[in-house]
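In: Here is my input, please return the structure:
(2 chains)
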Protein chains: 2
Amino acid sequence: MLAELEAHGLLDGQLAQAVGARIAKATTLKEALADAAYVQECAPEKVELKAQIFDEMDGLTADGAVLASSTSIILPSLFTGHMKRRSQAIVVHPLNPPHLIPAVEIVPAPWTSKETIDRAREIVIGIGQKPVLMMKEIDGFLMNRLQGALLEECFRLFEGGYASAEDIDVALKDGLAMRWSFIGPFETAELNAPGGIRDYVNRYDRGYQVIRKDSMHRADWTGKTLDRIEAERRALLPADKIKERQEWRDRKLMELAAFRRR
Amino acid sequence: MLAELEAHGLLDGQLAQAVGARIAKATTLKEALADAAYVQECAPEKVELKAQIFDEMDGLTADGAVLASSTSIILPSLFTGHMKRRSQAIVVHPLNPPHLIPAVEIVPAPWTSKETIDRAREIVIGIGQKPVLMMKEIDGFLMNRLQGALLEECFRLFEGGYASAEDIDVALKDGLAMRWSFIGPFETAELNAPGGIRDYVNRYDRGYQVIRKDSMHRADWTGKTLDRIEAERRALLPADKIKERQEWRDRKLMELAAFRRR
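Out: All right, here's what the predicted structure looks like:
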């Protein structure tokens, strides 16, 4: 990836080779953690495995080091509570692919210290990413809750026969998400009413209340709905082209990231 | 706007002056509708007013003309049912600002003819916009339902004290919405699992089920929540700078539209 990132101007003027040369491998955890100021654990999403790794790191790190997990779904309280250094443990969850998407969510456990939170934020900002700080943990963190809420309405509209999956994607990619991709939903709302966010709520809260009434059950993502959506997706993209399309997505994302830098 | 659109290469190679010269004003509805193949009604969002305008248009248009309303919230069945030419009436709702955002939702009433739907789609495609077709009407159409679902989770997370409004916006603009802005949520899901959409649902449906449990009540957008969010917004953006920020948003959107064209 490094050569492509350099070509797109995404290495802050550094050379791919120089960046690559800063990466060193280690064969033991002890060696890897020696003098580490920041650790990013990226093991599979299994709570016992995370607990075991954090337990092992507990005795191998210095005071003040940040012990961060990449988990996107496991609450930090579930695998760090037993540690001596549990005030140094925290979730720092980057979105995929992390070298192209700036947002990183930071999720403290109840016992994570303010120093650890501050240090994690500083480091994330220092490498050009954008921290999103949770005040406390909740299932799904911010990212999966926000993604789940939108997907739920997409499935609901598809399930009810209101539109095709393709057209629902168009509603986002050529519509709503264009604004969200540079101002976010709260600022979008604020700028959609002359008097700002309060004016927006005064104007539209009642309308959203009406809509919301039909959205209180969970949509069925499986069964016939999934059969129909899969049939539609396969007509748009054959199964053996998924990998190719993932590569296309990453190239597009790189162009978008380069555009945003400029 | 035309000069700026020309400068950004958003007039398909035409000159601003030539485009402007194609616009003609009329002082009566009869004059405006003479020989019209397509009508886009843009009156205020009042159902009686829309009903009156469509009633008047009923006797002034030819067979085959599309009678489209710009409404974003009023169901087409509520103001077109009394018409003789009701099979020609339809909602064609562009997003704001329509010259920069391609998506346009098309919402037929139960009596809108297939010819009217097809003709509306063709015209929307012909002017370089992206139609999103609803099979049948529902409160909020697609756009406000999708926007409402995401905003609802944003308010819920803010209300619960999980993150600041600013950080929730960052989660979208520097995170989730970057992907949605060129592939949409269904394709995003499909490309996030090696086996496509079915694989994605098999892997993550249960997790979303857990998250969804806490999201079955409506968040309160008003009261103390609104006080807190407004205080935060005003610290980020003073009330007298909202107009300036709206202009900034439109310039950014123009740059984004130009980038997407390239």
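
In: low-confidence ranges in the stretch 51-200 of chain A?
Out: By pLDDT under 70, the stretch 51-200 of chain A has no low-scoring segment.

In: ok, the longest helix seen in chain A near chain B or not?
Out: Identified as the longest helix of chain A according to DSSP state H is helix A:242-261. Yes - against chain B, helix A:242-261 shows contacts by CB under 8 Å from any CB of the partner chain at A:242, A:245-246, A:249, A:252-253, A:256, A:259. Any C-beta I mention is one placed from the backbone N, CA and C, and that applies to glycine too.

In: Only whichever of the residues you listed are buried, select them in PyMOL.
Out: Only the buried entries of these go into this PyMOL selection, using 16 or more other CB atoms under 10 Å in any protein chain shown:
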select buried, chain A and resi 242+245+249+252+253+256
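
In: Show residues contacting the longest helix of chain A.
Out: Contact with helix A:242-261 is made by A:4-5, A:8-10, A:97, A:100-101, A:237, B:178-179, B:181-183, B:190-191, B:194-196, B:256, B:259, as judged by CB atoms under 8 Å, 6 or more residues apart in numbering or on different chains.

In: give me that answer again for 6 Å
Out: For helix A:242-261, the surrounding residues in contact (CB atoms under 6 Å, 6 or more residues apart in numbering or on different chains) are A:8-9, A:100, A:237, B:182, B:191, B:196, B:259.

In: Name the member of those that has the highest neighbour count.
Out: Neighbour counts for the contacts of helix A:242-261 were taken using other CB atoms under 10 Å in any protein chain shown; the highest belongs to residue A:100, with 24 neighbours.

In: Could you check which helix or strand contains that one?
Out: According to DSSP states H and E, residue A:100 maps onto no helix or strand at all.

In: Can you tell me the closest non-neighbouring residue to residue A:150?
Out: residue B:150 (4.9 Å; CB to CB, 6 or more residues apart in numbering or on different chains).

In: Let me see the contact set for that neighbour.
Out: Counted by CB under 6 Å, 6+ apart, residue B:150 has contacts A:149-150, A:185.

In: Skip the chain neighbours and tell me the closest residue to the residue in the stretch 1-150 of chain A positioned nearest to chain B.
Out: Closest to chain B within the stretch 1-150 of chain A is residue A:103: 3.0 Å, counting by CB to the nearest CB. Excluding its sequence neighbours, the residue lying closest to residue A:103 (CB to CB, 6+ apart) is residue B:175, at 3.0 Å.

In: Could you list which of the contacts of helix A:242-261 belong to helices?
Out: Per DSSP H, the contacts of helix A:242-261 map to helices at B:182, B:191, B:196, B:259.

In: Kindly provide the distance from the second one to residue B:209.
Out: This points to residue B:191. 22 Å (CB to CB, to the nearest Å).

In: of all the ones in helices among the contacts of helix A:242-261, which two lie farthest apart?
Out: B:196 and B:259 (28.8 Å; CB to CB).

In: What distance do you get for residue A:172 to chain B?
Out: Using CB to the nearest CB, to the nearest Å, residue A:172 is found at 5 Å from chain B.

In: check contacts around that residue.
Out: With CB under 6 Å, 6+ apart, residue A:172 has these contacts: B:180, B:184-185.

In: roughly how far apart are it and residue B:179?
Out: Separation of residue A:172 from residue B:179 (CB to CB): 10 Å.

In: tell me which of the contacts of helix A:242-261 is nearest to residue B:14?
Out: Closest to residue B:14, out of all of the contacts of helix A:242-261 and judged by CB to CB, is residue B:259, at 20.0 Å.

In: OK, contacts around the residue positioned nearest the centre of chain A?
Out: Nearest to the geometric centre of chain A sits residue A:95, at 3.5 Å (CA atoms, centre = their mean). Residue A:95 makes contacts with A:101, A:103, B:175, as judged by CB under 6 Å, 6+ apart.

In: can you check residue A:121 too?
Out: residue A:131.

In: Could you confirm it falls within a helix?
Out: Yes - under DSSP: H, G, I helix; E, B strand; the rest coil, residue A:121 falls within a helix.

In: For the contacts of residue A:172, please prepare a markdown table with the additional fields neighbour count and secondary structure.
Out: A markdown table is the format used below for those (neighbours: other CB atoms under 10 Å in any protein chain shown; DSSP: H, G, I helix; E, B strand; the rest coil):
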| residue | neighbour count | secondary structure |
| --- | --- | --- |
| B:180 | 25 | helix |
| B:184 | 25 | helix |
| B:185 | 25 | helix |
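
In: Of these, which ones also sit close to chain A?
Out: B:180, B:184-185 (CB under 6 Å from any CB of the partner chain).

In: residues from the stretch 1-150 of chain A in reach of chain B?
Out: So the stretch 1-150 of chain A meets chain B at A:95, A:101-103, A:130, A:132-135, A:138-140, A:142, A:145-150 (CB under 6 Å from any CB).

In: How about residue A:168, nearest residue that isn't a chain neighbour?
Out: Distances taken as CB to CB, 6+ apart place residue A:154 nearest to residue A:168, at 5.2 Å, with adjacent residues excluded.

In: That neighbour: which element?
Out: Per DSSP H and E: residue A:154 is located in helix A:143-159.

In: Residue A:115 now?
Out: helix A:114-126.

In: how about the helices in chain A?
Out: Along chain A, counting by DSSP H, helices occupy A:2-7, A:16-20, A:29-33, A:47-58, A:77-80, A:114-126, A:143-159, A:165-171, A:177-191, A:196-213, A:223-236, A:242-261.

In: who wins for proximity to residue B:91 among the ones you listed?
Out: helix A:165-171 (14.1 Å).

In: The closest one: how far from the chain's middle?
Out: Taking the mean of its C-alpha atoms, helix A:165-171 sits 22 Å from the chain's own mean (CA atoms, centre = their mean, to the nearest Å).

In: For it, which helices and strands make contact with it?
Out: For helix A:165-171, the helices and strands in contact under the criterion 3 or more CB pairs under 6 Å, 6 or more residues apart in numbering or on different chains; DSSP states H and E are strand B:130-133, helix B:177-191.

In: mind redoing it with 8 Å?
Out: When contacts are defined as 3 or more CB pairs under 8 Å, 6 or more residues apart in numbering or on different chains; DSSP states H and E, helix A:165-171 sits against helix A:143-159, helix A:223-236, strand B:103-108, strand B:130-133, helix B:143-159, helix B:177-191.

In: What distance do you get for the nearest residue to residue A:216 once chain neighbours are set aside to residue B:156?
Out: Leaving aside its sequence neighbours, residue A:216 sits nearest to residue B:216 (CB to CB, 6+ apart; 6.0 Å). Distance, residue B:216 to residue B:156, by CB to CB: 10 Å.

In: out of those two, which sits in the more crowded spot?
Out: The residue with more neighbours, out of residue B:216 and residue B:156 and counting by other CB under 10 Å, is residue B:156; that gives 21 against 10.

In: could you list every residue that touches that one?
Out: By CB under 8 Å, 6+ apart, residue B:156 lies in contact with B:215, B:219.

In: and what of residue A:239?
Out: Here residue A:239 is in contact with B:195-196 (CB under 8 Å, 6+ apart).

In: Next one: it, what pLDDT does it get?
Out: Residue A:239 is assigned 95 on the pLDDT scale.

In: Residue A:103 against residue A:130, yeah?
Out: Yes - counting by CB atoms under 8 Å, residue A:130 is a contact partner of residue A:103 at 5.1 Å.

In: who touches both of the two?
Out: Here residue A:103 and residue A:130 share the contacting residues B:170, B:174-175, scored by CB under 8 Å, 6+ apart.

In: List just the nearest of those residues to chain A.
Out: Out of the shared contacts of residue A:103 and residue A:130, the member with the shortest distance to chain A (by CB to the nearest CB) is residue B:175, at 3.0 Å.

In: Does that closest one touch residue A:101 like I think?
Out: Yes - look at residue B:175 against residue A:101 with CB under 8 Å: they come within range, at 5.9 Å.

In: Report pLDDT for residue A:19.
Out: Residue A:19 is given a pLDDT of 95.

In: Many thanks, have a good one.
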